[in-house]
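J.: no letters, just coordinates:
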């Protein structure tokens, strides 16, 4: 079994619904996750922008997300296993979700060959040949010892023709069975880093509603710890993304957490919560922060803009983040212009706080049965409605 | 007057001597500085390695040092003045020392012309023509509102022939008189950022002992708030540097703080304290940290070295810095290899803590009259004796 309590119990508790929005909690061996939740991305076991795991606590992060492919290539999952696993390596005692490596294999690497057994490709770091299939992905994630492992899937590009998509999704289903049995085996081994490692499956099918639904039904039968919707935010329009969520989420188990992978803007998150999503992750807050783009409740600011030169206000008045408590837009703008790393760090810290705080507000609104109203006001405030 | 209390009192108190080592304190409008002290370098109003002023408090920094030339060029001292001065801009309520801009003018810029009135040069950022003389340097530093301003001097390269050096030092003396009267004027103006701004003079003369001594005598007559030894650590050997200190420090007022500019390694600091120096500054801890070189009491480590791959010890066992309290050599090595900014930040934080903590030990040893013994043991431990 791959469950926290090793007896097949469902660790997710649906606390409240408001329309289709879910307010839940997932018990894990590394603590309880309150959902909806935004996972903070630390690709190579570090958050870009010189942000440490100590900082993540200060900005209210519940779950850190690391990338299996990156860690497999460097420093290698074997090294991390020998050092006691990813939690000990990064010094983070809260939950960690690792992706399967699949997305990076399909987006970063060259000379790929996709076969029934898995994918052959070359490392983007040193070009060496690597094979990764469902078993390898589970073995790597087991070495990392993350709280939640993601199933190894194919994330087909957008657009993909229907027959390729159908074949790809069928293979992804077969891979999911192999993931489940391999992780069950690994969790049962002695000296496993985290014998309670959970497994989330991934729904695919692009924008083909019937393929999505059929796949959702098939993976739901496996009674996994959670279900992700993958293959979105890969080029399709926002309205297509929302349509797919409306189509497929009802076919995923209501009593399990749902995860929309790689999404997104505050607007995307507000809309996806309204369509039943529990988990999110996205590089926007870190990537935008490193470019001086910061989030506020009145829209996004570009701190490199000349109008901030003498602006002694914080990024957002009333914000309780460690950056807004101390530093001015004028100072941060200067740092960015002078290419001081501190400028990027301060923007990233604020952005992560903004996202984590947004999720807090979302959870509160669902609890209060005011989600629709909250969403409307928030979208207007963000000037993105 | 440019003194803290505006009545000509000496704000420096010599608390204790041990051999030639001085244990003192300097009262300033931004708090008391305990000496010997190492000033932490934040060139462009930011410490390189994504270290903030909040972090500086955590690593035990007493005095931050910023560079007048850099801030004049970007964002400009006028901008900082409008924002309330450098303390408010950086959010740092402890003392700040600004250099005069002279060193950068002579080391960074091209097409310089040195005249009696000052120096004509081109900005290293955008090439625009700038003039800086004693009055301009004081005006810029007054706009920044630092706690301690440095006199505008010429830092001649090493080696410099005797006749050029003599002329240069004579001009530097004349510039010092102009600095003093200009700062007195500026401190008396309404709306001055820091009307209690102090002035330190700078002794020059290269490795010519007689020029150094003569200059020290002349500048001592001006009864400034402190005296720096400049123009060292510019290429001469360590033994030459120590010889010059032994020669010139006795001619500087014993009842004023002394400052050895731009120095240096822990060994240099231990030796210079033994020759009567109170203040130090150096980019080594930040620059070395950004390259993965970290200081310990058993010598310097290169964390990029392969032997640290599985090394789960902190940089230094028993170190109370925020980095050693949390992260392992293996993790930091991984971050550096993966070019994650966090790796640089952690190394810089540790190094600054190391330097600040070294000064604490030095002060304690002088208080206990055990400086000679402490220095010997420390140099042996550092494996640089």
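T.: Perfect, I can see it now. Bear in mind the structure is a predicted one, so any value in this text is a computation, not a measurement. Residues are numbered from 1 along each chain as shown, chains lettered A, B, ... in the order given.
J.: domains in chain A, as residue ranges please.
T.: Using automatic domain parsing, the domains assigned to chain A come out as A:12-35+A:67-281, A:289-381.
J.: in JSON lines: those, plus distance to chain B and mean pLDDT.
T.: All C-beta spots, glycine's among them, are computed from the backbone N, C-alpha and C. Below are the domains of chain A laid out as JSON lines (distance: least, Cβ to the nearest Cβ, whole Å; pLDDT from 0 to 100):
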{"stretch": "domain A:12-35+A:67-281", "distance to chain B": "5", "mean pLDDT": "96"}
{"stretch": "domain A:289-381", "distance to chain B": "4", "mean pLDDT": "98"}
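J.: what's the closest of these to residue A:50?
T.: domain A:289-381 (4.5 Å; Cβ to Cβ).
J.: need the distance between the two termini of the closest one.
T.: 20 Å (Cα to Cα, to the nearest Å).
J.: distance of residue A:182 from residue A:172?
T.: Distance of residue A:182 to residue A:172, computed by Cβ to Cβ, to the nearest Å: 15 Å.
J.: before we move on, the earlier item: now tabulate the domains of chain A in JSON lines and tack on mean neighbour count.
T.: Formatted as JSON lines, those follow (neighbours: other Cβ atoms under 10 Å in any protein chain shown):
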{"stretch": "domain A:12-35+A:67-281", "mean neighbour count": "20"}
{"stretch": "domain A:289-381", "mean neighbour count": "19"}
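J.: which residues touch residue A:138?
T.: A:149, A:152, A:179, A:182-183, A:186 (Cβ atoms under 8 Å, 6 or more residues apart in numbering or on different chains).
J.: quick one, helices of chain A?
T.: Assigned by DSSP state H, chain A shows helices spanning A:53-58, A:68-73, A:77-82, A:86-90, A:102-108, A:134-144, A:162-187, A:209-220, A:238-248, A:266-273, A:284-290, A:329-337, A:341-367, A:371-381.
J.: by contact count, what packs against the fifth one?
T.: Other elements packing on helix A:102-108 under the criterion 3 or more Cβ pairs under 8 Å, 6 or more residues apart in numbering or on different chains; DSSP states H and E are helix A:68-73, strand A:119-122.
J.: tell me the helices and strands packed up against the last one.
T.: The one in question is strand A:119-122. The contact analysis (3+ Cβ pairs under 8 Å, 6+ apart) places strand A:119-122 against helix A:102-108, strand A:110-114, strand A:129-132.
J.: these: which one's closest to residue B:71?
T.: helix A:102-108 (41.0 Å).
J.: what lies in contact with the closest one?
T.: Residues contacting helix A:102-108 (Cβ under 8 Å, 6+ apart): A:67-70, A:112, A:119, A:121, A:124, A:132, A:137, A:150, A:152-157, A:230, A:261-262.
J.: what do you get for stretch A:236-253?
T.: Under the criterion Cβ under 8 Å, 6+ apart, residues A:20, A:158, A:203, A:205-207, A:209, A:212-213, A:216-217, A:220, A:227, A:229, A:232-233, A:258, A:260, A:263, A:267-268, A:271-272, A:275-277 lie in contact with stretch A:236-253.
J.: residues in contact with the residue lying closest to residue A:352 once chain neighbours are set aside?
T.: Excluding the flanking residues, the one nearest residue A:352 by Cβ to Cβ, 6 or more residues apart in numbering or on different chains is residue A:59, at 4.5 Å. For residue A:59, the contact set (Cβ under 8 Å, 6+ apart) comprises A:40, A:51, A:321-322, A:349, A:352-353, A:356.
J.: which residue is nearest the middle of chain A?
T.: The central residue of chain A, meaning the one whose C-alpha is nearest the mean C-alpha position (Cα atoms, centre = their mean), is residue A:281 at 2.8 Å.
J.: list the contacts of it.
T.: A:38-41, A:65, A:97, A:259, A:261-263.
J.: repeat that for residue A:79.
T.: Residue A:79 is in contact with B:309-310, B:330, B:334, counting by Cβ under 8 Å, 6+ apart.
J.: one more pass at 10 Å, please.
T.: Residues in contact with residue A:79 (Cβ atoms under 10 Å, 6 or more residues apart in numbering or on different chains) are A:71, A:89, A:143, B:309-310, B:330, B:334.
J.: how much space is there between it and residue A:137?
T.: Note on residue A:79: its distance to residue A:137, by Cβ to Cβ, is 18 Å.
J.: before we move on, back to that, nearest to residue A:371, out of the helices and strands packed on helix A:102-108?
T.: Using Cβ to Cβ, the helices and strands packed on helix A:102-108 put helix A:68-73 closest to residue A:371, at 33.5 Å.
J.: got a pLDDT number for residue A:10?
T.: Per-residue pLDDT puts residue A:10 at 88.
J.: residue A:255 is in contact with that one, correct?
T.: Yes. With contact defined as Cβ atoms under 10 Å, residue A:10 counts as touching residue A:255 (6.0 Å).
J.: I figured residue A:134 was touching residue A:150, is that so?
T.: No. The criterion here is Cβ under 10 Å, and residue A:134 misses it with residue A:150 at 11.1 Å.
J.: coming back round to it: the contacts of residue A:138: which two are farthest apart?
T.: Most distant of those, by Cβ to Cβ, are A:152 and A:186, 13.3 Å apart.
J.: which neighbours do these two share?
T.: With Cβ under 10 Å, 6+ apart as the test, residue A:152 and residue A:186 both reach A:135, A:138, A:141.
J.: any idea how far residue A:63 lies from chain B?
T.: 19 Å (Cβ to the nearest Cβ, to the nearest Å).
J.: just the pLDDT for the closest residue to residue A:92 other than its chain neighbours.
T.: Distances taken as Cβ to Cβ, 6+ apart place residue A:53 nearest to residue A:92, at 4.2 Å, with adjacent residues excluded. Looking at residue A:53, its pLDDT reads 98.
J.: tell me the contacts of residue A:53?
T.: Residue A:53 touches A:40, A:42, A:45-47, A:61, A:64, A:87, A:89-94, A:96, B:326-327, B:331, B:342, counting by Cβ under 10 Å, 6+ apart.
J.: just residue A:71 next, same as before
T.: So residue A:71 contacts A:43-45, A:77, A:79-80, A:86, A:89, A:98, A:101, A:140-141, A:143-144, A:146, B:334, B:338 (Cβ under 10 Å, 6+ apart).
J.: for residue A:16, same thing?
T.: When contacts are counted by Cβ under 10 Å, 6+ apart, residue A:16 touches A:22-24, A:363, A:366-369, A:371.
J.: the closest residue to it other than its chain neighbours and residue A:360, how far apart?
T.: Excluding its sequence neighbours, the residue lying closest to residue A:16 (Cβ to Cβ, 6+ apart) is residue A:23, at 4.1 Å. Plainly put, residue A:23 is 12 Å away from residue A:360 if you go by Cβ to Cβ.
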